[in-house]
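A.B. asks: this is a predicted model, with the sequence first.
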Amino acid sequence: MLVAIISFVLVAMIFVFAVRLTPKIFLYALVAAGLAIQFVVKKIFVAVPWIISAVVAVTFGFYALGRQFFGAGDAKNFVERFLPPREFERETFSLAVIELMLEVREKFF
């Protein structure tokens, strides 16, 4: 009998505790969700210009590779025409495309 009374008291206390804390937990969850959404939106606004720049650079790269495949010239030289001049030659086509991405990001965003 004593165990039943202790169990009933514990269940009642847990129920009262849960009822009193539910609004606070709900508010904390709402605030946490709001802060998470704000964080994600900030990161998206930072990432979008980089994504657009990468898409532009990859598009130019594929176009240059298509020109090279069909005999219209070297792909690296084609991409280098859109980059500022340097005193030394760029080593590879992929580095030229990466530099093109950085230039697009710097000029337009």
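C.D. replies: Perfect, I can see it now.

A.B. asks: helix, strand or coil: sort out the most centrally placed residue in the chain for me.
C.D. replies: Centroid-nearest residue in the chain: residue 47, 5.2 Å away (criterion: Cα atoms, centre = their mean). Taken by DSSP: H, G, I helix; E, B strand; the rest coil, the conformation at residue 47 corresponds to helix.

A.B. asks: with residue 89 instead?
C.D. replies: Residue 89 - assigned by three-state DSSP - is coil.

A.B. asks: now do it against residue 60, distance only.
C.D. replies: 18 Å (Cβ to Cβ, to the nearest Å). (Glycine included, C-beta is placed from N, CA and C.)

A.B. asks: then residue 28?
C.D. replies: Taken as Cβ to Cβ, the span from residue 28 to residue 60 is 49 Å.

A.B. asks: can you give me the helices for the chain?
C.D. replies: Per DSSP state H, the chain carries helices over the ranges 2-69, 75-80, 93-108.

A.B. asks: and residue 86, how many neighbours?
C.D. replies: By the criterion of other Cβ atoms under 10 Å, residue 86 has 9 neighbours.
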